[in-house]
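Asker: Based on what follows, work out the 3D shape:
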Amino acid sequence: MPDLLVSLYSNRLADLKERADNVRASIRPALPPELHLVVNWVRERFSEKWASEVSVAFSRQPVACQIAIDGGKLLGFACYDTTARGFFGPTGVDPEARGKGIGLALFSACLQTMKTLGHAYAFIGDAGPVDFYASTAGAIAIPAPDKGIYEGMLRSAPK
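Answerer: All right, here's what the predicted structure looks like:
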């Protein structure tokens, strides 16, 4: 999967925000006392690696994690500035809540926040849904003939 680049000054971000504003779930920055809840939720639904990155997001000031909530229930999360400054991700939505625009709204909230914090570009490392990022925010693949940031990362031994 390639790394992607998103211009935070693209006109597409205004369109993305407009679409995100129509999502039913509430999108907001996570609060420090929610760390254990969000980290455990991510660990249970996604992976230990992502839970580690969420922990890093909570160590930032302000917390670099947006969450989606509906009826007091956590539906999704998105982080930025975790693996590296300027990086978007990880992000995930509960399988039962997918297809409702929650991922789009979380993505938009992170990009808007990153721009406000002074970033000109966002990097999406090892991007999964490349077509989604390209169509919603104009993300383009970064031509990188060499190793990515995750190359050589320590990994858990298979059980």
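
Asker: CA only for contacts and neighbour counts going forward, please
Answerer: Fine.

Asker: any idea of the mean pLDDT in the longest helix belonging to the chain?
Answerer: The longest helix of the chain (DSSP state H) is helix 102-116. For helix 102-116, the mean pLDDT works out to 98.

Asker: Quick one: the strands in this protein, in order.
Answerer: 4-7, 26-29, 65-70, 73-80, 87-93, 121-124, 140-141 (DSSP state E).

Asker: how close does the residue nearest to Glu48 when sequence neighbours are not counted get to Ala84?
Answerer: Setting aside the residues directly before and after it, Glu48 is nearest to Val42 in space (Cα to Cα, 6 or more residues apart in numbering), at 7.8 Å. Going from Val42 to Ala84 by Cα to Cα, to the nearest Å gives 19 Å.

Asker: Counting neighbours, go ahead and name the busier of those two.
Answerer: Val42 (25 against 12; other Cα atoms under 10 Å).

Asker: Now do the contacts for that one.
Answerer: Glu48, Trp50, Ala51, Val54 (Cα atoms under 8 Å, 6 or more residues apart in numbering).

Asker: and those as CSV, adding neighbour count?
Answerer: Shown next, in CSV, are the contacts of Val42 (neighbours: other Cα atoms under 10 Å):
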residue, neighbour count
Glu48, 15
Trp50, 19
Ala51, 21
Val54, 29
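
Asker: From the residues you listed, pick the one nearest Thr91.
Answerer: Trp50 (8.4 Å; Cα to Cα).

Asker: any low-confidence regions in this structure?
Answerer: Within the chain, the segments meeting pLDDT under 70 span 159.

Asker: Apply 50 and report the result again.
Answerer: Across the chain, nothing is flagged by pLDDT under 50.

Asker: Surely Leu74 and Ala68 touch.
Answerer: Yes - using Cα atoms under 8 Å, Leu74 is in contact with Ala68, at 6.0 Å.

Asker: So the two - more neighbours on which side?
Answerer: Ala68 (25 against 18).

Asker: With adjacent residues omitted, what lies nearest to that one?
Answerer: Looking at Ala68 with Cα to Cα, 6+ apart, the closest residue is Ile27, at 4.6 Å.
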